[in-house]
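**Q** after the sequence you'll find the predicted model.
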Amino acid sequence: GPDRWRSTGLMGLASSGEGAPYGGLPVHMVEERGLSPEYAAFLLSASRIAAPFAVLGGGFVTSRLGTRRTLVICLTVYALGMFCMALPFQPLFLAGMFIQPVLTAMVFPPIFTLLAECFPIQSQPLLLAVGMPVASFMGVGLMPSILGIWGDVAGFGAGFIMMGCMVAVSLPLLRLLPKN
């Protein structure tokens with residue numbers, strides 16, 4: 001039903017936060033911000049170092065604050081990070097670039113907790129079997145392509161704003177998911 005597609009959409013937004021900015025940021029930093037390719041590569045790799053640890057933090061925060069509250073906080077800050085990456089002011093751009101992957105990684109534990117809370121155990125394998133490939137397609141296929149098109153047409157800053165808006169628009173949809 002629709003709840004399964006909403007859940008798949010959340011997984012897709014999380015995957016998109018991992019794949020799309022990672023693919024678009026090097027071109028954005030070199031072509032639009034004038035950074036050297038070496039410095040851009042350094043910044044990009046440095047901004048991703050904390051993400052694996054953030055997954056653990058996401059699980060901890062979810063156990064303390066609850067699933068939906070953690071999702072709202074993480075998705076909100078993820079969207080703000082995307083918006084900051086569109087700003088011309090270098091310190092805010094860098095803050096967004098370092099915050100966004102951490103908050104994207106922190107989204108995964110509450111998403112999987114939400115799935116466990118909202119769907120009966122017998123339907124979870126099918127939900128994940130369909131949802132994860134769709135989320136992967138969104139994260140490493142569709143959204144990086146859309147971000148690249150936005151980058152060509154209006155600049156990567158506009159693409160980052162578009163992604164931030166997509167994440168922000170998803171927040172009210174959390175209310176539509178079933179309660180546990």
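**A** Alright, I've got the coordinates.

**Q** use CA for all of it now, contacts and neighbours both
**A** OK.

**Q** centre of the chain to stretch 53-73, how far?
**A** 14 Å (C-alpha atoms, centre = their mean, to the nearest Å).

**Q** ok, and for that stretch, which residues are buried?
**A** Neighbour counts using 16 or more other C-alpha atoms under 10 Å place 54-55, 57-62, 67-68, 70-73 of stretch 53-73 among the buried residues.

**Q** how about stretch 131-145?
**A** Of the residues in stretch 131-145, those buried (16+ other C-alpha under 10 Å) are 131-132, 134-140, 142-145.

**Q** let me know the closest of these to residue 11.
**A** Within the buried residues of stretch 131-145, proximity to residue 11 (C-alpha to C-alpha) peaks at residue 135, which comes in at 5.4 Å.

**Q** so who does the closest one touch?
**A** 8-9, 11-16 (C-alpha atoms under 8 Å, 6 or more residues apart in numbering).

**Q** the buried residues of stretch 131-145 into a markdown table, with extra columns for secondary structure and pLDDT?
**A** Conversion of those to a markdown table gives the following (DSSP: H, G, I helix; E, B strand; the rest coil; pLDDT from 0 to 100):
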| residue | secondary structure | pLDDT |
| --- | --- | --- |
| 131 | helix | 92 |
| 132 | helix | 93 |
| 134 | helix | 93 |
| 135 | helix | 93 |
| 136 | helix | 93 |
| 137 | helix | 95 |
| 138 | helix | 93 |
| 139 | helix | 91 |
| 140 | helix | 91 |
| 142 | helix | 95 |
| 143 | helix | 94 |
| 144 | helix | 94 |
| 145 | helix | 94 |
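
**Q** TSV for those, including distance to residue 161?
**A** Below are those laid out as TSV (distance: C-alpha to C-alpha, whole Å):
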residue	distance to residue 161
131	25
132	25
134	23
135	20
136	21
137	21
138	17
139	17
140	18
142	16
143	13
144	14
145	15
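
**Q** helices along the protein, start to end?
**A** 2-27, 37-47, 51-65, 67-85, 90-118, 124-137, 143-153, 156-173 (DSSP state H).

**Q** give me the nearest residue to residue 15, chain neighbours excluded.
**A** Nearest residue to residue 15 in three dimensions, chain neighbours excluded: residue 139, at 4.3 Å (C-alpha to C-alpha, 6 or more residues apart in numbering).

**Q** mind putting the helices of the chain into CSV with distance to residue 179?
**A** Shown next, in CSV, are the helices of the chain (distance: least, C-alpha to C-alpha, whole Å):
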stretch, distance to residue 179
helix 2-27, 11
helix 37-47, 35
helix 51-65, 16
helix 67-85, 10
helix 90-118, 6
helix 124-137, 15
helix 143-153, 29
helix 156-173, 13
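
**Q** what's the distance between the residue lying closest to residue 16 once chain neighbours are set aside and residue 156?
**A** The spatial neighbour of residue 16 that comes closest, neighbours along the chain excluded (C-alpha to C-alpha, 6+ apart), is residue 139 at 3.6 Å. Computed as C-alpha to C-alpha, to the nearest Å, the residue 139 to residue 156 distance reads 17 Å.
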